[in-house]
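1. This is the structure alone, sequence omitted:
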């Protein structure tokens, strides 16, 4: 669910995966792997950086 939510928020803000990765200061490959479910439990730090880059909260990203 986390990956789907990240993708939804990212698309809503018209960001590419590459742009989100740069804004969140995490590797592009991590964004793609989280969105596709390859990485099922990313680190808390990574999720926090993604949430900040998307102007949302970790809680919003974790909602099912």
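-> Arrived safely. All of these numbers come straight from a predicted model, not from anything done at the bench.
2. and the closest residue to residue 27 other than its chain neighbours, how far is that from residue 60?
-> Excluding the flanking residues, the one nearest residue 27 by CB to CB, 6 or more residues apart in numbering is residue 21, at 6.3 Å. The way it works is simple: take the backbone N, C-alpha and C, and place the C-beta from them, glycine included. Separation of residue 21 from residue 60 (CB to CB, to the nearest Å): 19 Å.
3. need the helices for this protein, in chain order.
-> 2-12, 17-24, 28-36, 44-53, 58-62 (DSSP state H).
4. Show me what the fourth one is packed up against.
-> Packed against helix 44-53 by the contact rule (3 or more CB pairs under 8 Å, 6 or more residues apart in numbering; DSSP states H and E) you find helix 17-24, helix 28-36, helix 58-62.
5. what does the shortest one contact?
-> Yep, that's helix 58-62 we're talking about. With CB atoms under 8 Å, 6 or more residues apart in numbering as the test, helix 58-62 has contacts from 1, 2, 5, 6, 9, 44, 47, 48, 50, 51, 54.
6. Pick the one among those residues closest to residue 32.
-> residue 6 (10.5 Å; CB to CB).
7. ok, back up a step: now the helices of the chain as CSV including mean neighbour count and mean pLDDT?
-> Listed next are the helices of the chain as CSV, based on neighbours: other CB atoms under 10 Å; pLDDT from 0 to 100:
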stretch, mean neighbour count, mean pLDDT
helix 2-12, 17, 97
helix 17-24, 17, 98
helix 28-36, 17, 97
helix 44-53, 17, 98
helix 58-62, 13, 96
